[in-house]
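A structural model of the following input is requested.
(chains A, B, C and D)
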2 protein chains.
Amino acid sequence: MKTQLKDYLNRYAHFTDEDIALIFEYLEPVTFSKKQFLLKQNEICNARFFIIKGLVRSFHVDEKGVENVNLFAIENWWVTNLDSFVNQTPSHNALQAIENTSVLVASREALDILYTKVPQLERVFRIIAEKLSIALQRKDEIFMKTSSKDRYYNLIHTIPNFVQRVPQYMIASYLDITPEYLSEIRRKVN
Amino acid sequence: MKTQLKDYLNRYAHFTDEDIALIFEYLEPVTFSKKQFLLKQNEICNARFFIIKGLVRSFHVDEKGVENVNLFAIENWWVTNLDSFVNQTPSHNALQAIENTSVLVASREALDILYTKVPQLERVFRIIAEKLSIALQRKDEIFMKTSSKDRYYNLIHTIPNFVQRVPQYMIASYLDITPEYLSEIRRKVN
DNA sequence: CGCGACGTTGATTTGCCTCAACGATTGTGG
DNA sequence: CCACAATCGTTGAGGCAAATCAACGTCGCG
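Residues are numbered from 1 along each chain as shown, chains lettered A, B, ... in the order given. Below is the predicted model:
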């Protein structure tokens, strides 16, 4: 677990074993079983979660009771609701484990301290924020330019083994199409 | 110009006059006239632009020759193509001045040096990357959940005087609707 | 003045949704 | 460990928001 985090952090900046040990003191390992919530809708998000193992989704339930999935996060990803975390406002989205999931929890307070104690962390989080922006812009590009059919093909070709880890109706919601129509799309592929 | 940048930077971290002076040495003031390109499609993006005055759009021309606007940027915004800038790959989008625009150009090399000479800058760019992510996620939320009619109303109510600075067909493209349909929507308001 | 860029209008088409009903799995308590 | 319920995926009929295509008005600019 410590080595996994260390390998991850060293992809973006240089950290000594002492740095890692210090960082580790401020993080709390927690496990969530399938369907458990890391964060509920309308709660204020006070932490970032580093996924050691498992799969998490972010989603929002609208007035009609319809679930709206907007993000999946897997191993070696930091997940949170940034809007809520940064602005300390109620989160529009919930974070829920799709599989049994173990994470390292970094609270706001812990991070604020760590940013000054280990300045390279500031760089790591700058870089992952930039990467998140890039990913979101690519998603935007895809949704603007392609039909729902192509969005599905794109998904199964870029992350082939991912589809099996997630129920169809969540994939449909993420792609912004109805489960019925996704079913029709799939029929035509075989 | 210097004070404008100083005021901006001090919103996110503390900078002395010497810091500002040093930063300023690494930035290059440039002006672009209406319709001029800050960055062309398929070029590699080597800089971030801080907009002192003016209005810039980011857009992509597809195989059919259709323009696809995905971003507008105004005074006191940093604009770039992050994907191209970070990964040094050809940019899918062009950056073009919609009005006569003056900017401060920060090259990759300048930024790399400045990050180490003035570490608070790392924080500033972490924060603006986080803010960009939040803005993109909000945009995603709006596009997922609302009709094109509502997207238009949302735009004109949140940034009322903005619509007059930009041609209709660019607004339509940004909202992902055809100019014809936007026209129909507008007819029903008056 | 005349040309090209921009906005509008109407007729037709289509991608995708809604609603309703029905199999196939999965999982859970008795 | 089985029975029954809940969850999940599929199929089909009908409907609507928004796209496409084509044509025309208008205004600003060289």
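
does DNA strand D sit close to the worst-scoring helix or strand of chain A on mean pLDDT?
Within chain A, no helix or strand scores below helix A:179-189, which has a mean of 91 by mean pLDDT, DSSP states H and E. Yes: using Cβ under 7 Å from any atom of the strand, helix A:179-189 reaches DNA strand D at A:179-180, A:182-184, A:186-187. C-betas here are computed from N, CA, C, even on glycine.

can you flag the buried ones in those residues?
A:Leu182 (16 or more other Cβ atoms under 10 Å in any protein chain shown).

ok, and which of the residues of helix A:179-189 next to DNA strand D reach DNA strand C?
A:Glu180.

so which of the residues of helix A:179-189 next to DNA strand D is the closest to B:Lys131?
A:Leu182 (33.6 Å; Cβ to Cβ).

any idea how far that closest one is from A:Val56?
Going from A:Leu182 to A:Val56 by Cβ to Cβ, to the nearest Å gives 22 Å.

which ones are touching the one residue sitting closest to the centre of chain A?
Nearest to the geometric centre of chain A sits A:Ala73, at 3.3 Å (Cα atoms, centre = their mean). Contacts for A:Ala73 were tallied using Cβ atoms under 8 Å, 6 or more residues apart in numbering or on different chains; they are A:51, A:55-58, A:79.

and if you look at A:Thr146?
Contacts of A:Thr146 by Cβ under 8 Å, 6+ apart are A:Asn154.

number of residues surrounding the closest residue in space to A:Ile20 that isn't next to it in sequence?
Spatial nearest neighbour of A:Ile20, chain neighbours left out: A:Lys6 (4.9 Å); criterion: Cβ to Cβ, 6 or more residues apart in numbering or on different chains. Residue crowding around A:Lys6 was assessed by other Cβ atoms under 10 Å in any protein chain shown; the count is 17.

surely A:Lys6 meets A:His14?
No: A:Lys6 is not in contact with A:His14 according to Cβ atoms under 8 Å; the separation is 11.1 Å.

any idea of the mean pLDDT for the longest helix seen in chain A?
Longest helix in chain A by number of residues (criterion: DSSP state H): helix A:120-145. The average pLDDT within helix A:120-145 is 96.

so which bits of chain A are right by chain B?
A:60, A:62, A:68, A:70, A:82-83, A:86-87, A:92, A:115, A:119, A:122-123, A:125-126, A:129-134, A:136-141, A:143-145, A:176 (Cβ under 8 Å from any Cβ of the partner chain).

show the buried residues in the residues you listed.
A:60, A:68, A:70, A:82-83, A:86, A:92, A:115, A:122-123, A:125-126, A:129-134, A:136-137, A:139-141, A:143-144, A:176.

quick one: low-confidence ranges for chain A?
A:189-190 (pLDDT under 70).

which residues in it form strands?
For chain A, applying DSSP state E gives strands covering A:28-32, A:37-39, A:47-53, A:55-61, A:67-74, A:78-79, A:94-97, A:101-107.

can you name the residues in contact with the shortest one?
Spelled out, that is strand A:78-79. A:38, A:48-51, A:56, A:58, A:71, A:73, A:95, A:128.

what number of residues lie near the nearest residue to A:Leu182 once chain neighbours are set aside?
Nearest non-adjacent residue to A:Leu182, counting by Cβ to Cβ, 6+ apart: A:Ala172, 4.2 Å away. Per other Cβ under 10 Å, the neighbour tally for A:Ala172 reads 20.

wait, what's in contact with A:Ala172?
A:178-179, A:181-182.

tally of neighbours for the closest residue to DNA strand D within chain A?
DNA strand D sits closest to A:Gln168 of chain A, with a gap of 3.0 Å, by Cβ to the nearest atom of the strand. Other residues within reach of A:Gln168, judged by other Cβ under 10 Å, total 12.

what would the contacts of A:Ala172 look like in CSV with distance to A:Lys2?
Converted to CSV, those look like this (distance: Cβ to Cβ, whole Å):
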residue, distance to A:Lys2
A:Thr178, 44
A:Pro179, 41
A:Tyr181, 45
A:Leu182, 41
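
just the closest of these to chain B, please.
Closest approach to chain B among the contacts of A:Ala172 (Cβ to the nearest Cβ): A:Thr178, at 13.0 Å.

what number of residues lie near that closest one?
14.

what's the answer for A:Met170, then?
Neighbourhood size, A:Met170 [other Cβ under 10 Å]: 17.

pretty sure it is touching A:Val69, no?
Yes: shown here, A:Met170 and A:Val69 form a contact pair, counting by Cβ under 8 Å, at 5.2 Å.

hang on, the earlier thing: which of the buried ones among the residues of chain A next to chain B are close to DNA strand C?
A:Asp176.

who in chain A is up against DNA strand D?
Counting by Cβ under 7 Å from any atom of the strand, chain A comes close to DNA strand D at A:167-169, A:179-180, A:182-184, A:186-187.
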